[in-house]
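Student: I'll drop the sequence and a predicted model, then ask my questions.
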Amino acid sequence: MSWYVYMLRCGDSTLYTGITDDVERRLEAHRSGKGAKYTRGRGPLELVWQEEVPDKSAALRREYQIKQLPKQEKEGLIAKK
(Lines give C-alpha, C1' and ligand atoms only; values in the text may rest on other atoms or scores of the structure.)
Protein backbone atom coordinates (compact mmCIF):
# COMPACT_ATOMS: atom_id res chain seq x y z
CA MET A 1 0.00 0.00 0.00
CA SER A 2 1.38 3.39 -1.00
CA TRP A 3 1.31 6.44 1.23
CA TYR A 4 1.45 10.08 0.21
CA VAL A 5 2.84 13.27 1.64
CA TYR A 6 0.86 16.28 0.47
CA MET A 7 0.65 20.04 0.80
CA LEU A 8 -2.48 22.16 0.79
CA ARG A 9 -2.60 25.88 0.19
CA CYS A 10 -5.13 27.43 2.53
CA GLY A 11 -7.27 30.46 1.76
CA ASP A 12 -4.94 32.62 3.90
CA SER A 13 -1.92 31.56 1.73
CA THR A 14 -0.43 29.32 4.42
CA LEU A 15 0.69 25.79 3.58
CA TYR A 16 -0.41 22.67 5.42
CA THR A 17 1.59 19.43 5.11
CA GLY A 18 0.14 16.02 5.94
CA ILE A 19 0.21 12.31 5.11
CA THR A 20 -2.46 9.87 3.94
CA ASP A 21 -3.02 6.64 2.10
CA ASP A 22 -5.84 8.24 0.04
CA VAL A 23 -5.28 11.85 -1.03
CA GLU A 24 -8.79 12.50 -2.40
CA ARG A 25 -10.50 11.13 0.72
CA ARG A 26 -8.23 13.19 2.97
CA LEU A 27 -8.75 16.36 0.94
CA GLU A 28 -12.50 15.89 1.22
CA ALA A 29 -12.15 15.42 4.99
CA HIS A 30 -10.23 18.70 5.23
CA ARG A 31 -12.79 20.52 3.11
CA SER A 32 -15.69 19.21 5.19
CA GLY A 33 -14.08 20.35 8.44
CA LYS A 34 -13.20 16.82 9.60
CA GLY A 35 -9.51 17.03 8.73
CA ALA A 36 -6.76 18.66 10.74
CA LYS A 37 -7.73 21.37 13.19
CA TYR A 38 -5.29 23.73 11.43
CA THR A 39 -7.24 23.67 8.15
CA ARG A 40 -10.67 24.32 9.69
CA GLY A 41 -11.84 27.80 8.78
CA ARG A 42 -8.89 28.39 6.44
CA GLY A 43 -10.64 27.46 3.18
CA PRO A 44 -10.74 27.30 0.32
CA LEU A 45 -8.17 24.50 0.34
CA GLU A 46 -6.19 23.60 -2.76
CA LEU A 47 -4.03 20.50 -3.18
CA VAL A 48 -0.76 21.95 -4.53
CA TRP A 49 1.75 19.11 -4.12
CA GLN A 50 1.93 15.41 -3.38
CA GLU A 51 4.62 12.76 -3.32
CA GLU A 52 4.18 8.99 -3.19
CA VAL A 53 6.28 7.06 -0.69
CA PRO A 54 6.42 3.30 -0.03
CA ASP A 55 4.98 3.14 3.50
CA LYS A 56 3.64 5.09 6.48
CA SER A 57 7.03 5.27 8.18
CA ALA A 58 8.60 6.87 5.08
CA ALA A 59 5.64 9.26 4.86
CA LEU A 60 6.10 10.38 8.46
CA ARG A 61 9.84 10.96 7.93
CA ARG A 62 9.24 12.94 4.72
CA GLU A 63 6.46 14.98 6.34
CA TYR A 64 8.84 15.93 9.14
CA GLN A 65 11.54 16.94 6.64
CA ILE A 66 9.13 19.16 4.73
CA LYS A 67 7.73 20.77 7.87
CA GLN A 68 11.28 21.84 8.80
CA LEU A 69 11.73 23.73 5.51
CA PRO A 70 11.19 27.47 5.28
CA LYS A 71 8.13 28.48 3.24
CA GLN A 72 10.31 29.57 0.30
CA GLU A 73 11.73 26.04 -0.06
CA LYS A 74 8.24 24.52 0.20
CA GLU A 75 7.17 26.86 -2.61
CA GLY A 76 10.16 25.53 -4.60
CA LEU A 77 8.86 21.96 -4.19
CA ILE A 78 5.45 23.09 -5.41
CA ALA A 79 6.97 24.87 -8.42
CA LYS A 80 8.90 21.72 -9.45
CA LYS A 81 5.80 19.51 -9.61
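Tutor: Arrived safely, thanks for sending.

Student: Only C-alpha atoms from now on, for both contacts and neighbour counts.
Tutor: OK.

Student: Work out for me the element residue 72 sits within.
Tutor: Using DSSP states H and E, residue 72 maps to helix 71-80.

Student: what is the mean pLDDT for that helix?
Tutor: Averaged over helix 71-80, pLDDT sits at 96.

Student: Offset the numbering so it begins at 32, please.
Tutor: Sure, I'll start numbering at 32, so the last one becomes helix 102-111.

Student: elements contacting that helix?
Tutor: If contacts are counted by 3 or more Cα pairs under 8 Å, 6 or more residues apart in numbering; DSSP states H and E, helix 102-111 sits against strand 77-84.

Student: Within the sheet, what are the partner strands of the strand it packs on, with directions?
Tutor: strand 34-40 (antiparallel) (DSSP bridges).

Student: where in this structure is pLDDT low?
Tutor: Of all residues in the chain, none has pLDDT under 70.

Student: Longest helix in it, please.
Tutor: In terms of residue count, the longest helix belonging to the chain (DSSP state H) is helix 87-99.

Student: quick revisit: list the buried residues for the helix holding residue 103?
Tutor: Buried residues in helix 102-111, counted by 16 or more other Cα atoms under 10 Å: residue 105.

Student: centre of the chain versus it, how much separation?
Tutor: How far helix 102-111 lies from its chain's middle: 13 Å, per Cα atoms, centre = their mean, to the nearest Å.

Student: can you list the residues that contact it?
Tutor: Helix 102-111 is contacted by residues 46, 79-80, 97 when judged by Cα atoms under 8 Å, 6 or more residues apart in numbering.

Student: Taking strand 77-84 as reference, get the angle to the longest helix of the chain.
Tutor: Put simply, helix 87-99 runs at 130 degrees to strand 77-84, going by axes from the mean of the first three to the mean of the last three Cα atoms, to 10 degrees.

Student: by contact count, what packs against helix 87-99?
Tutor: Against helix 87-99 (3+ Cα pairs under 8 Å, 6+ apart) you get strand 34-40, strand 46-51.

Student: Of those strands, flag the one that's most buried.
Tutor: Sort the helices and strands packed on helix 87-99 by mean neighbour count, taking mean count of other Cα atoms under 10 Å, and strand 34-40 sits at the top with a mean of 22.
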